[in-house]
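> Take this sequence and fold it.
(2 chains)
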Amino acid sequence: MTRRAAPGRDPIRSRLLSAAGTEADRARHGYVGCEHLLLALLTDKDPTAREILGSQGITLPSARAAVADVISSGRGDGPRWNAADLLATLGVDLPAIQRQMRAEYGPHAIDELYRSPWGRRLSWGPLCGPEMAPGLKKALFGSESRASFPTSGHALLSLLDTGSTGLAAVLTALGSSPELLRLAVTEQLGCAP
Amino acid sequence: MSEAISLAEAASHRDPEVGLAAVAALRQMLEQLEALQVKAAREDGWTWERIADALGITRQSVHRKYASRRFPGRRRI
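Model prediction:
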């Protein structure tokens, strides 16, 4: 599902949101966070952020490995394990339940539930899929990032502004830091640090 | 050395962090499934009393949990 904010008309924001979700799914993580947005920036067709990150020695394979290590060690911005794997330890097959639910109530049953009066006070749950972490929402939809991102470098700057501890742990593991990276971004984009 | 421990390893050592997180995930999923079934039952014309009986809880409980959702700010039984 589902509870991801609408990407609007900004193509970079839209691409990054989708790619961050893909990265989280690929790694079977239980949330989509700033860590995944960093990976999304490394895969985006606009090379600005990728080149800045590359200048700091950060590549997609090294970043994926660092993100996996940070999240699985509990230092990420969200849950350490995904709901399907947790439920499997109890013998509960979440994918099977999701398939059954879609077969009986339709493919959009959960979206419809959360839009209905019955779901308005219902909190996030495993049937929704990975939840979007607050830091990711802030990076992509925060008050300072409502305008379109001219380049992926500007999205990277917005990501660094979130103060995400998970992102900081990933950057540290990669031999960098939010401060070092911010300097590199502002220098490249020609704006004030 | 990596601090990462796989879920399978943690579960095999009966790590309470895994056990508690799994129970929390199960509880969240049950809340979702219950809401889905209540919604379906109401759309099929079930009364609150019948839903409460099926859930094994009192009519007041099911009302408190769901009925006010339809009429925010209005309490009714």
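> tell me what the longest helix along chain A is packed against?
Secondary structure assigned by DSSP state H gives helix A:11-26 as the longest helix of chain A. Using 3 or more Cβ pairs under 8 Å, 6 or more residues apart in numbering or on different chains; DSSP states H and E, the elements in contact with helix A:11-26 are strand A:31-32, helix A:34-43, helix A:134-141, helix A:152-160. Every residue, glycine included, has its C-beta placed from N, CA and C.
> who touches it?
For helix A:11-26, the surrounding residues in contact (Cβ atoms under 8 Å, 6 or more residues apart in numbering or on different chains) are A:4, A:7-8, A:31-33, A:36-37, A:39-41, A:43-46, A:64, A:67, A:130, A:136, A:140-141, A:145, A:148-149, A:151-152, A:155.
> tell me the angle it makes with helix A:152-160.
Counting by axes from the mean of the first three to the mean of the last three Cα atoms, to 10 degrees, helix A:11-26 lies at 60 degrees to helix A:152-160.
> Can you get me a residue count around residue A:126?
Residues near residue A:126, counting by other Cβ atoms under 10 Å in any protein chain shown, number 25.
> That one: what's its closest spatial neighbour, skipping adjacent residues?
With sequence-adjacent residues excluded and distances taken as Cβ to Cβ, 6 or more residues apart in numbering or on different chains, residue A:126 is closest to residue A:83, at 3.6 Å.
> so who does that neighbour touch?
A:30, A:94, A:125, A:126, B:25, B:28, B:29.
> Kindly report the same for residue A:44.
Residue A:44 is in contact with A:12, A:15, A:16, A:19, A:50, A:152, counting by Cβ under 8 Å, 6+ apart.
> nearest to chain B, of these?
Of all the contacts of residue A:44, chain B sits closest to residue A:19, with 23.3 Å by Cβ to the nearest Cβ.
> Among the helices and strands packed on helix A:11-26, which comes closest to residue A:101?
With respect to residue A:101, and counting by Cβ to Cβ, the nearest of the helices and strands packed on helix A:11-26 is strand A:31-32 at 21.2 Å.
> For residue A:33, give its distance to chain B.
Noted for residue A:33: a distance of 16 Å to chain B, by Cβ to the nearest Cβ, to the nearest Å.
> Quick check: that residue touching residue A:138?
No. Using Cβ atoms under 8 Å, residue A:33 makes no contact with residue A:138, being 10.6 Å away.
> Tell me which of these two has more neighbours.
residue A:33 (30 against 19).
> Provide the backbone phi and psi angles at the more buried one.
Main-chain torsions, residue A:33, degrees, to the nearest 10: phi -130, psi -170.
> Residue A:17: neighbouring residues, count only.
Using other Cβ under 10 Å, residue A:17 has 26 neighbouring residues.
> what does residue A:86 give?
26.
> Can you say which helix or strand has it in it?
Element membership of residue A:86, judged by DSSP states H and E, is helix A:83-88.
> Past that helix, which element shows up next along the chain?
Following helix A:83-88 in sequence, per DSSP H and E, is helix A:94-105.
> May I see the buried residues of that following helix?
Buried residues in helix A:94-105, counted by 16 or more other Cβ atoms under 10 Å in any protein chain shown: A:94, A:97, A:98, A:101, A:105.
> And for stretch B:53-68?
Buried residues in stretch B:53-68 (16+ other Cβ under 10 Å): B:59, B:62, B:63, B:65, B:66, B:67.
> How about it and chain A, touching?
Yes. Contact of stretch B:53-68 with chain A (Cβ under 8 Å from any Cβ of the partner chain) involves residue B:66.
> Now that stretch - C-alpha only, PDB.
What follows is stretch B:53-68, C-alpha atoms only, in PDB (Å, rounded to 0.1, in the frame of the first residue of the first chain):
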ATOM      1  CA  ASP B  53     -21.500 -11.700  19.200                       C
ATOM      2  CA  ALA B  54     -19.300 -13.000  16.300                       C
ATOM      3  CA  LEU B  55     -16.200 -11.200  17.800                       C
ATOM      4  CA  GLY B  56     -17.000 -12.500  21.300                       C
ATOM      5  CA  ILE B  57     -17.100  -9.000  22.800                       C
ATOM      6  CA  THR B  58     -19.900  -6.800  24.100                       C
ATOM      7  CA  ARG B  59     -21.900  -4.600  21.900                       C
ATOM      8  CA  GLN B  60     -20.600  -1.500  23.800                       C
ATOM      9  CA  SER B  61     -17.100  -2.600  23.000                       C
ATOM     10  CA  VAL B  62     -17.600  -2.900  19.300                       C
ATOM     11  CA  HIS B  63     -19.500   0.400  19.300                       C
ATOM     12  CA  ARG B  64     -16.800   2.200  21.200                       C
ATOM     13  CA  LYS B  65     -14.200   0.900  18.800                       C
ATOM     14  CA  TYR B  66     -16.000   1.300  15.500                       C
ATOM     15  CA  ALA B  67     -19.400   3.100  15.500                       C
ATOM     16  CA  SER B  68     -18.000   6.500  16.500                       C
END
